[in-house]
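Enquirer: structure for this input, please:
(2 chains)
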Amino acid sequence: MNTLLIIAGKELREATRNRWVVATTLLMAALALTLSFLGSAPTGTVGVGPVEVTIVSLSSLTIFLLPLIALLLSFDAVVGEIDRGTMTLLLSYPVARWQLLLGKFLGHAAVIALATVVGYGAAGVAMAMGDAPIGNESWRAFASMIGSSAMLGAAFTALGYLASTIVRDRGTAAGIAVAVWLGFVLLYDMALLGLLVGGSGIGVEALNWLLLANPADAYRLFNLTGFKGVSTFAGTAGLAAHVQLSVPLLLAVMAGWIAAPLALAAALFSRKQI
Amino acid sequence: MTDFTAEVRGVTKRYGETEAVRGVDLTLAPGECVAMVGHNGAGKSSLIKLMLGLTTPTEGSIRVLGGDPASAACSPIRRQIGFLPENVAFHPNMTGRETLDFYARLKGAPRRHNDALFAKVGLEPAAIKRRVSTYSKGMRQRLALAQALLGGPKLLFLDEPTTGLDPALRQSFYAIVAELRDQGTTVLLCSHALTELEGQADRVVVMSRGRKVADGSLATLRSLAQLPVRIRLTLPSDDVDALAARVGEGAALTRLAGGVVELACANDDKVGLVRRIACDGPAANIAVKDIEIVQPSLDEMYAHFLRREAAE
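Expert: Numbering: from 1, shown residues only, chains lettered A, B, ... in the order given. Alright, predicted model coming up:
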């Protein structure tokens, strides 16, 4: 346990030094604040609008941005250390390979979580200082959005680790990371839409499973259909009534998208010739 | 029961088709400084990785400090091993102190000794506080050495430790190695720079294409190789013929530039030859301005063993 914390702590510190933490946090905060101030414009007012509107726009943006940040942060994690020669050195220390991988992952996931909580939290503070009364239910939805964003970041960090473990050079790892982002974030939904519009007649059951096969979609469903107030604004109220995926299931799927790539990366890493 | 720090028995390591290490036997005793020489791809680094437990042998067995270095329960063993990799780039944005602190924590070594370590490898207190990105090559290498010395290792692997260091730094580097060896640490040194190993290593192991082709003290290797000793004489006159007559059959004579004549002879004949030139004879009138005896260097012996290996 101690070893994990030492490695995670070092990773977090390096990210802080690299300005990764600062840059990501500022980006998140800027986005969140912009959206919370301007996001209510479609409802006819400018100013801090209902939390629900912010959740809808912010979670839609998070889906594009956060996976990209997570992948950029993580694709170099294993292959880069091998390149720099520090991997051989670390493995000659009394550290198991899985400890090394998990420790580094915890550090990177903490960077993403920190940036999300602080960045989006800033928007939460701004909204709390606004005039509009905000109910408990809305705050719960907002907190859930922050939490699930951190999970989304962790899931794509885990995928980045997998890419970093599979290949032998950094360029390929970067390529895979970009491909993962394009695939899961952009192409997957287009393909799904094409399937639906094309009228190939896939059932609701199949659609549900297809949505779960993508961490970004699980995140979207969780935030847009999980809370009644939000789904009204998101225009997904009708969908929410039909989707039979419960909140715990969606959370479990997202947790699975963190654990599975990481376990696979750890298994591959333990067999890798350094 | 053995007294060896590390014991390699009949180890072969294959990576797919290529054999990186082939049937190597090697023992390292406490307080011994062993130099491993061989060109790139000779299997030196592969052998070190095997002894560190980073990879497992395809055939044969390895015991390091009484245990299997690749086993799950190797942590107590690894705590007693220091390793200086050939190329290591520490994170540029961490300071020297932070870097060493991290490795000390990971090794479970008390961090209060770190200052003494920095002093030992010669990193100034002002430099410790700066980021690694501002370090020169020599300072980085000192930091890497400090890392290898954490926790007072019983076994130290140094892979090409002096590449890129200036002569003064090399001297202080070998002074540290000698001090450790005197304290009972086993040191295994890999190097290309053979000349600087003379006088440092108790034993030299020559590797070629995965095989160990020679193993012994410098003197042992010398007599094994039977390379000629060269005697260089500076003659004021061009009286080479008289010299040739005096020298006789036992040595080959070559003329070098600047009136220098080189005689190559077997090591055992060297004393007799010098006597014949300088003292013996009816007319001891061969004027010799200067005499220099050149022992075969480690480089030459190394080349000899490689040639022999290639011929086999």
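Enquirer: what is the biggest helix by length in chain B packed up against?
Expert: As assigned by DSSP state H, the longest helix anywhere in chain B is helix B:167-182. On a contact count with 3 or more CB pairs under 8 Å, 6 or more residues apart in numbering or on different chains; DSSP states H and E, helix B:167-182 meets strand B:33-37, helix B:137-148, strand B:155-159, strand B:186-191. C-beta coordinates here come from the backbone N, C-alpha and C atoms, glycine included.
Enquirer: try it again with 10 Å
Expert: Helices and strands touching helix B:167-182, by 3 or more CB pairs under 10 Å, 6 or more residues apart in numbering or on different chains; DSSP states H and E, are strand B:33-37, helix B:114-121, helix B:137-148, strand B:155-159, strand B:186-191.
Enquirer: reformat these as CSV; add distance to chain A.
Expert: What follows is these, written out as CSV (distance: least, CB to the nearest CB, whole Å):
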stretch, distance to chain A
strand B:33-37, 17
helix B:114-121, 15
helix B:137-148, 8
strand B:155-159, 8
strand B:186-191, 13
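Enquirer: go through these and name the closest to B:Ile81.
Expert: Closest approach to B:Ile81 among the helices and strands packed on helix B:167-182 (CB to CB): strand B:155-159, 5.0 Å.
Enquirer: and the closest one, what's its mean pLDDT?
Expert: Computed over strand B:155-159, the mean pLDDT rounds to 93.
Enquirer: residue ranges of each domain in chain B, please.
Expert: Per automatic domain parsing, the domain ranges recorded for chain B read B:6-80+B:153-223, B:228-295.
Enquirer: ends of the last one, what's the gap?
Expert: Going back to what we said before, that points to domain B:228-295. Chord length of domain B:228-295, first to last residue, is 8 Å (CA to CA, to the nearest Å).
Enquirer: what about that domain, average pLDDT?
Expert: Averaging pLDDT along domain B:228-295 gives 77.
Enquirer: can you pull out the low-pLDDT segments for chain B?
Expert: For chain B, the stretches with pLDDT under 70 are B:1-2, B:238, B:280-286.
Enquirer: I'd like the helices and strands packed on helix B:167-182 laid out as CSV, including mean neighbour count.
Expert: Converted to CSV, the helices and strands packed on helix B:167-182 look like this (neighbours: other CB atoms under 10 Å in any protein chain shown):
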stretch, mean neighbour count
strand B:33-37, 24
helix B:114-121, 17
helix B:137-148, 22
strand B:155-159, 24
strand B:186-191, 24
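Enquirer: can you lay out the ones you listed as a markdown table showing distance to A:Ala255?
Expert: A markdown table is the format used below for the helices and strands packed on helix B:167-182 (distance: least, CB to CB, whole Å):
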| stretch | distance to A:Ala255 |
| --- | --- |
| strand B:33-37 | 49 |
| helix B:114-121 | 40 |
| helix B:137-148 | 37 |
| strand B:155-159 | 42 |
| strand B:186-191 | 46 |
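Enquirer: out of the ones you listed, nearest to B:Ala252?
Expert: Per CB to CB, nearest to B:Ala252 of these: strand B:33-37, 27.4 Å.
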